[in-house]
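[1] Sequence plus the predicted model coming up.
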Amino acid sequence: MLLQMDSITKSYGSVTANSSVQFSLQRGEIHALIGENGAGKTTLMRILYGMESPTSGEIRLDGKLVSFASPADAIHHKIGMVHQHFMLFPTFTIAENIVIGREPSKGVGFDRKAAAAETERLGKLYGMPVDPWRKVADCSLGMQQRVEILKVLYQGAEIIILDEPTGVLTPLEVKELLIAIKGLAAQGKSFVLISHKLQEIMEVADRITVLRDGKVTGTLSAKDTNAEELSRLMVGRDLVHISRNEADSGKPVLEVSSVSMKGAKTKPLLSDVSLHVNEGEIVGIAGISGNGQSELIQTISGLMKPDSGSIKLLGQDVTGAAVGAIRERGLAHIPEDRYQWGVAKDATVAENGLMGHTGRHQKYGVLNGTSIKQMIGEWVNRFGIKTGSLSTKAQFLSGGNLQKLIVARELAQKTPFLIAAEPTRGVDVGAMEIIHGELLKKRDERGAILLISSELTEILKLSDRILIMYEGEIVGELDADTATEEQISLLMAGGKAVG
C-alpha cells in the first residue's frame, strides 16, 4: 500500500472534523473522497498535505511512519495538492507559474528558456500540452487547472490531491481533465479526488470512500456500487426525485432589450442581447465561462451599466439604476462567485444572513436579535448548514455551507425576480436536492428566475426555456423539454443548432 492513514482524528475544541478515519491509496489508483459539505473531506486532505496536524492517528508512506509539519514537508515526500481555488499568478506566464520556487537558473539569473523547455517537456510527457509563454490571465479555467496539475508534477508529486477539480470547468474541459487523470494514473501517479459530482466519480475512480459527519460510512469499489448507494451513504437517506411541473407563466417580470456593452478589446462584452423572464418560469442560460454571462448578470443587477439598450423590472425601467434601487424594486441575487460578491468573510454567519433583511428585524433603529437568530436558525435547519454557531465568521465555513447560507438568504427575500447564478456550485447531493426543490417552489409560486449554470444537467432539469450565450450574444433558444446536452454544447461552442 502506497499510503495508509490510520485512525485519523482532528478536533477543534468541542467540534470533531474527523473521527478515527481510515483511508488508503495504492500506486496508480484514483481514490475518490466524497461526502456532504462539512463532512471532513478537505480537513482530512489538509492533514495529508501538512496544512493541519491530526489530533491523533498515524500516516504511513510505503509502510514508513511519517508526519508533516507543513506543505513543504508533504511536497518533500512527493505529495502535491491542487486546491479548489487556483493559486496562480495571473500576470506570470504558464512556465513561470509552474517552476516558481524551483526556478532553473543561468548564472545568477532566472533561465526563462529552460523553464519554458521543461514546461513543454512535462506537458508532452504527461499528455497535457501547454504554451509555456502564455500568461495565465489569458488562459481558460480548464487550462489553469492543467497548469496547477503540471506544477505539482514539476515538484515531483507521486500522490496528487485534487479538491473539487471540475467545479468551474465546462463539459468539454471536464472530459479532457478526466482523460488526463486516467492517463497519469496509467503512468503510475496516484490520485485522491474530492468531488460532489457522482457521475464523474463513477467514470474515473477505482475506489470511493464516503464520509458523513467526520466518519467513514463506506469504502467501495467503483465497479460494485452506483450513485444511489453513494448518495445514501453520504446523506443517510434516500434522495427524493424532484420533477418540474408544466409551466404556468404569466406576464413579463424581466425584460432586457438590445443591451450592448463595449469591451476593452475589439469584441464587445455584450452584443444586442434581448431576453425576457415571465412570472412562473425559469429561464436558463448556458454558455462557456467568459462568454458574457457575468456581464449580463452584473448589468441586470446594477453592478455595471450598458452602453445601449434597456432593462425593465416589473415594467419599470431600471437601466443603469443603483444596486439598492433595483433590489428594492424586486430583485434577489445568488451571485456566481460567493467569495467576491456573496459574503463578507470577516463577518459572522448571522451578520451575513442579515444582509438585505435588516428592515424587517429592527424597530427605531435597534435590531431584534431574537428574531434574527430565529430566522437564520430556520435556514440552518432547512438547508443543513453546518456551523459551530451563528457567531462563527463566514471564512471558517466550508465553501458548500457558505453557498447554502447565501441561497437561503436570497430565497428568503421572497422577491418577484431572482437571479440564480451557479446556485449549487460546490454543494453536496443532499443540498443540491434541497436547493433545486426551493427554486422550483419559487417558480411554482409565480416567481420569475433567471438561472445561469455551467452544469448542463441542472439547466435541463430546472429550466422551462434555455438560452445559449456565445461571445456576448444569445445564439439560440431551446425548449427544455426537447433540448439535449449535445444541442446545447454545440451552440455553446459557436456551432449551429441542428434538428
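    Yep, it's here.
[2] Could I have the CA atoms of the helix or strand that residue 325 is a member of written out in PDB?
    In the assignment (DSSP states H and E), residue 325 maps to helix 323-330. Only the C-alpha atoms of helix 323-330 are listed here, as PDB (Å, rounded to 0.1, in the frame of the first residue of the first chain):
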ATOM      1  CA  VAL A 323     -27.900  48.200  -7.000                       C
ATOM      2  CA  GLY A 324     -30.000  49.100  -3.900                       C
ATOM      3  CA  ALA A 325     -32.800  50.600  -6.100                       C
ATOM      4  CA  ILE A 326     -33.000  47.500  -8.300                       C
ATOM      5  CA  ARG A 327     -33.100  45.200  -5.200                       C
ATOM      6  CA  GLU A 328     -35.900  47.300  -3.700                       C
ATOM      7  CA  ARG A 329     -37.800  47.000  -7.000                       C
ATOM      8  CA  GLY A 330     -37.900  43.300  -6.500                       C
END
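[3] Give the other helices and strands that the helix or strand just after it contacts.
    Toward the C-terminus, helix 323-330 is succeeded by strand 331-334 as the next helix or strand (DSSP H and E). Other helices and strands packing on strand 331-334, by 3 or more CB pairs under 8 Å, 6 or more residues apart in numbering; DSSP states H and E, are helix 293-301, helix 399-411, strand 417-421. Every C-beta, even on glycine, is put in place using the N, C-alpha and C of the backbone.
[4] okay if I get those as TSV plus mean pLDDT?
    As requested, the helices and strands packed on strand 331-334 are exported to TSV (pLDDT from 0 to 100):
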stretch	mean pLDDT
helix 293-301	93
helix 399-411	90
strand 417-421	96
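[5] Any idea which of those gets closest to residue 193?
    helix 399-411 (16.3 Å; CB to CB).
[6] what helices or strands is the closest one leaning on?
    Going by 3+ CB pairs under 8 Å, 6+ apart, helix 399-411 lies up against strand 331-334, helix 349-354, helix 369-383, helix 429-444.
[7] and the second one, how far out from the chain's middle?
    A distance of 21 Å separates the centroid of the chain from that of helix 349-354, by CA atoms, centre = their mean, to the nearest Å.
[8] Contacts for the following helix or strand past it, please.
    Once the chain leaves helix 349-354, the next helix or strand it forms, by DSSP H and E, is strand 362-363. The contact list for strand 362-363 (CB atoms under 8 Å, 6 or more residues apart in numbering) reads residue 368.
[9] How about residues contacting the helix holding residue 325?
    253, 300-303, 313-314, 316, 318, 321, 333, 356, 415-417.
[10] picking up where we left off before, can I get the helices and strands packed on helix 399-411 in CSV including mean pLDDT, distance to residue 78 and mean neighbour count?
    Listed next are the helices and strands packed on helix 399-411 as CSV, based on pLDDT from 0 to 100; distance: least, CB to CB, whole Å; neighbours: other CB atoms under 10 Å:
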stretch, mean pLDDT, distance to residue 78, mean neighbour count
strand 331-334, 95, 40, 25
helix 349-354, 88, 39, 21
helix 369-383, 87, 40, 16
helix 429-444, 90, 33, 19
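[11] Tabulate these (JSON lines), appending distance to residue 116.
    Shown next, in JSON lines, are the helices and strands packed on helix 399-411 (distance: least, CB to CB, whole Å):
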{"stretch": "strand 331-334", "distance to residue 116": "42"}
{"stretch": "helix 349-354", "distance to residue 116": "44"}
{"stretch": "helix 369-383", "distance to residue 116": "48"}
{"stretch": "helix 429-444", "distance to residue 116": "42"}
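[12] of all those, which lies closest to residue 244?
    Residue 244 lies closest, by CB to CB, to one member of the helices and strands packed on helix 399-411: helix 429-444, at 6.0 Å.
[13] Which is the succeeding secondary structure element to the worst-scoring helix or strand of the chain on mean pLDDT?
    In the chain, no helix or strand scores lower on mean pLDDT, DSSP states H and E than strand 362-363, which sits at a mean of 74. Counting by DSSP H and E, the next helix or strand C-terminal to strand 362-363 is strand 366-367.
[14] Give me the helices and strands touching that next one, please.
    Going by 3+ CB pairs under 8 Å, 6+ apart, strand 366-367 lies up against no helix or strand.
[15] what are the pairing partners of that strand, and which direction each?
    Taking DSSP bridges as the criterion, strand 366-367 forms sheet pairs with strand 362-363 (antiparallel).
[16] show me where pLDDT drops low in this protein?
    In the predicted model of the chain, residues 168, 170, 239-240, 265-266, 496-499 satisfy pLDDT under 70.
[17] Tell me where the stretch 201-350 of the chain has strands.
    For the stretch 201-350 of the chain, strands defined by DSSP state E, counting those that start in this stretch occupy the ranges 207-212, 215-221, 252-261, 270-278, 281-286, 308-313, 316-317, 331-334.
[18] Dump those strands to CSV, plus distance to residue 40.
    Output for those, formatted as CSV (distance: least, CB to CB, whole Å):
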stretch, distance to residue 40
strand 207-212, 5
strand 215-221, 8
strand 252-261, 41
strand 270-278, 40
strand 281-286, 33
strand 308-313, 43
strand 316-317, 48
strand 331-334, 26
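[19] between the ones you listed, which one is nearest to residue 69?
    When the strands of the stretch 201-350 of the chain are compared by CB to CB, strand 207-212 sits nearest residue 69, at 24.5 Å.
[20] quick one, the closest one and strand 215-221 angle?
    Relative orientation of strand 207-212 and strand 215-221, computed by axes from the mean of the first three to the mean of the last three CA atoms, to 10 degrees: 160 degrees.
[21] name the helices or strands packed onto strand 207-212?
    Partner elements for strand 207-212 (3+ CB pairs under 8 Å, 6+ apart): strand 30-35, strand 215-221, helix 227-235.
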